[in-house]
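J.: give the three-dimensional model of this entry:
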Amino acid sequence: MKKAALKIEILHYLNLLESSGQDKVLAFAKRLFKSPKKKKVNHSLISFAGSFNASDLKEMSSAISEGCETIDKNAW
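T.: Next comes the predicted model:
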């Protein structure tokens, strides 16, 4: 749908609503505008896709979990 036609259709239905419905549409539109934008893909990491087998991934995941869940109070 072209932008101008879309605006006309939205305004048509908006005008059919009562004030409370129009307020809901406005609030919804504002939430859509504030919603996080899709992040761009980090193409430098795509080259690694599929280069690790399941066993390696499991081993890395375990190492990260173990290392990140341990607090060395003397490290600071």
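J.: using CSV, write down the CA coordinates of the least confident helix or strand in the chain by mean pLDDT.
T.: Least confident helix or strand of the chain, by mean pLDDT, DSSP states H and E, is helix 43-46 with a mean of 73. C-alpha atoms of helix 43-46 as CSV (Å, rounded to 0.1, in the frame of the first residue of the first chain):
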residue,chain,number,x,y,z
HIS,A,43,29.2,-9.3,9.7
SER,A,44,32.7,-9.8,11.2
LEU,A,45,31.3,-12.7,13.3
ILE,A,46,29.3,-14.3,10.5
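J.: who touches that helix?
T.: Outside helix 43-46, no residue is within contact range by CB atoms under 8 Å, 6 or more residues apart in numbering. (Each C-beta comes from the backbone N, C-alpha and C, glycine too.)
J.: could you do stretch 62-76 as well?
T.: Outside stretch 62-76, no residue is within contact range by CB under 8 Å, 6+ apart.
J.: can you point out the buried residues in that stretch?
T.: Residues of stretch 62-76 classed as buried: none (neighbour count, 16 or more other CB atoms under 10 Å).
J.: can I get the CA coordinates of it in PDB?
T.: Listed next in PDB are the C-alpha coordinates belonging to stretch 62-76 (Å, rounded to 0.1, in the frame of the first residue of the first chain):
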ATOM      1  CA  SER A  62      30.600 -25.000  30.400                       C
ATOM      2  CA  ALA A  63      33.900 -23.100  30.700                       C
ATOM      3  CA  ILE A  64      32.000 -19.800  30.500                       C
ATOM      4  CA  SER A  65      29.400 -20.800  33.100                       C
ATOM      5  CA  GLU A  66      32.000 -22.100  35.500                       C
ATOM      6  CA  GLY A  67      34.300 -19.100  35.100                       C
ATOM      7  CA  CYS A  68      31.600 -16.500  35.300                       C
ATOM      8  CA  GLU A  69      29.900 -18.000  38.300                       C
ATOM      9  CA  THR A  70      33.100 -17.900  40.400                       C
ATOM     10  CA  ILE A  71      34.100 -14.800  42.400                       C
ATOM     11  CA  ASP A  72      37.700 -14.400  43.300                       C
ATOM     12  CA  LYS A  73      37.600 -11.900  46.200                       C
ATOM     13  CA  ASN A  74      41.300 -11.500  46.100                       C
ATOM     14  CA  ALA A  75      41.400 -10.500  42.400                       C
ATOM     15  CA  TRP A  76      40.500  -6.900  43.200                       C
END
